[in-house]
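In: Got a predicted model here, sequence first, then my questions.
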Number of protein chains: 2
Amino acid sequence: MKLLEDRIRTDGKVLPGDILKVDSFLNHQIDVKLLNEMGKEFYRLYKDQGVNKILTVEASGIAIASITAQYFDCNIVFAKKSKSSCVYENMYTASVASFTHKNVNDVIVSKYYISKDDRILIVDDFLALGNAIIGLSDIVSQAGATLVGCGIAVEKLYMGGGNMLRQKGIRVESLAKVSLMTDDGKIEFAD
Amino acid sequence: MKLLEDRIRTDGKVLPGDILKVDSFLNHQIDVKLLNEMGKEFYRLYKDQGVNKILTVEASGIAIASITAQYFDCNIVFAKKSKSSCVYENMYTASVASFTHKNVNDVIVSKYYISKDDRILIVDDFLALGNAIIGLSDIVSQAGATLVGCGIAVEKLYMGGGNMLRQKGIRVESLAKVSLMTDDGKIEFAD
């Protein structure tokens, strides 16, 4: 999606440690007009798939998921993060290692809000190693629901998470696929 | 707002410990159509105030803020929570005690995303003691920006936070004002 790639080139910042900072428009300050264009694109890609629920994880996935849900005319559910390894009542649970924050969280979703009849689109802002998506798709499986696919804003293609998911048979559509990023600020996108 | 009050009566759950659980439609699963009606109402209330930015705090304020921002045609900024009392570079910081979670977080906002020219509407899902709003309004002050007011989904009127803010001269508009809530599940709203 050229609009997003252009915005990353203009306003994104590459920081040492393989960090792509997009917090001026995507995950701290949020350009809701841009999110609307992204939501439209996810809808174009998945509109024939009978999506009836969008699943994301707090916090930075919530805005994209909410705006996108308007196009699918459906609810969203956001998985909550919990530091503790508690046993939760009536919750689906999965462990997710964070590349950015260098820690492991449980992500939890109430059993009341995903059911076997749901056809779920997972939406998130970033895909690097794919750990968050693996955790969310595990929760979809636990619920016996159908995972239609994933809609990702920015995929770090060179980190392999997206292709690992694709090899598992999960459909992954990313609006900007970063193929190269260097500490001196260079960034390239795959087609 | 009758639509929200009715929804709380139908799908909300009062739990012991003064907890109003609305996670089937407001802050875990999210009914985006309902949020759109809430966003329209916030716009009706504040449309003449020159709002150019909506400020909220992660995680559950993000969805309402994002949907509402579409009516104001503006960006949102969400304050991030941080457990640690670090000194942050280029960040406005305020401490916020959470009624629900019984802990204290720093909330932080990048200095790049709020400026003295901003006219800010704070949006959040709940208002109880008002600590989150005090923290966010402190950040607005630090930035030298103008706080136009607050748009709250559910105010626990009897806890006094809303009226404390109003007495400070902050405009607070709440779409559902809970005046009474009892452990046996009874709930009443003020006009």
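Out: Yes, it's here. Numbering: from 1, shown residues only, chains lettered A, B, ... in the order given.

In: ok, which stretches of chain A are helices?
Out: A:2-11, A:32-46, A:61-72, A:131-142, A:161-167 (DSSP state H).

In: could you measure A:Glu188 against A:Arg9, distance?
Out: Shown here: A:Glu188 relative to A:Arg9, a distance of 10 Å by Cβ to Cβ, to the nearest Å. The C-beta positions use only the backbone N, C-alpha and C, and glycine is treated the same way.

In: Look up the residues forming beta bridges with A:Ser110.
Out: Using DSSP bridges, the beta-bridge partners of A:Ser110 come out as A:Met91.

In: Distance of it relative to B:Ala59?
Out: Computed with Cβ to Cβ, the distance linking A:Ser110 and B:Ala59 is 15 Å.

In: Across the sheet, point out what pairs with the residue sitting nearest the centre point of chain A.
Out: Compute the mean C-alpha point of chain A, and by Cα atoms, centre = their mean the closest residue is A:Asp124, 1.7 Å away. Beta-bridge pairing for A:Asp124 (DSSP bridges): A:Ile152.

In: okay but it is in contact with A:Ala132, surely?
Out: Yes - in terms of Cβ atoms under 8 Å, A:Asp124 counts as a neighbour of A:Ala132; the distance is 6.0 Å.

In: Mutual contacts of these two, please.
Out: A:Val57 (Cβ atoms under 8 Å, 6 or more residues apart in numbering or on different chains).

In: Show the pLDDT at the residue nearest to A:Arg171 when sequence neighbours are not counted.
Out: In space, and not counting its chain neighbours, A:Arg171 is closest to A:Gly149: 3.3 Å by Cβ to Cβ, 6 or more residues apart in numbering or on different chains. Model confidence at A:Gly149, expressed as pLDDT, equals 98.

In: was I right about A:Gly149 contacting A:Glu173?
Out: Yes - counting by Cβ under 8 Å, a contact exists between A:Gly149 and A:Glu173, whose distance comes to 6.4 Å.

In: Those two: who's more crowded?
Out: Neighbours around A:Gly149 and A:Glu173, counted as other Cβ atoms under 10 Å in any protein chain shown, are more numerous at A:Gly149. The numbers are 20 against 17.

In: contacting residues for the more buried one?
Out: So A:Gly149 contacts A:46, A:49, A:121-122, A:170-173 (Cβ under 8 Å, 6+ apart).

In: how near is it to A:Gln142?
Out: 18 Å.

In: Distance check, A:Lys81 against chain B.
Out: 8 Å (Cβ to the nearest Cβ, to the nearest Å).

In: before we move on, what about A:Glu188?
Out: Note on A:Glu188: its distance to chain B, by Cβ to the nearest Cβ, is 26 Å.

In: hang on, that residue packs against A:Thr182?
Out: No - contact criterion Cβ under 8 Å: A:Glu188 and A:Thr182 do not qualify, at 9.1 Å.

In: between these two, which one's more packed in?
Out: Between A:Glu188 and A:Thr182, counted using other Cβ under 10 Å, A:Glu188 has the larger neighbour count: 14 against 11.

In: Pull the contacting residues for the more buried one.
Out: Taking Cβ under 8 Å, 6+ apart, we find A:Glu188 in contact with A:178-181.

In: Among the residues you listed, name the buried ones.
Out: Of the members of the contacts of A:Glu188, the ones counted as buried by neighbours, 16 or more other Cβ atoms under 10 Å in any protein chain shown, are A:178, A:181.

In: tell me which of the contacts of A:Glu188 is nearest to B:Lys33?
Out: Of all the contacts of A:Glu188, the one sitting nearest B:Lys33 is A:Val178; the distance, using Cβ to Cβ, is 34.3 Å.

In: ok, now which ones touch the closest one?
Out: Residues touching A:Val178, when contacts are defined by Cβ under 8 Å, 6+ apart, comprise A:8, A:20, A:154-158, A:187-190.
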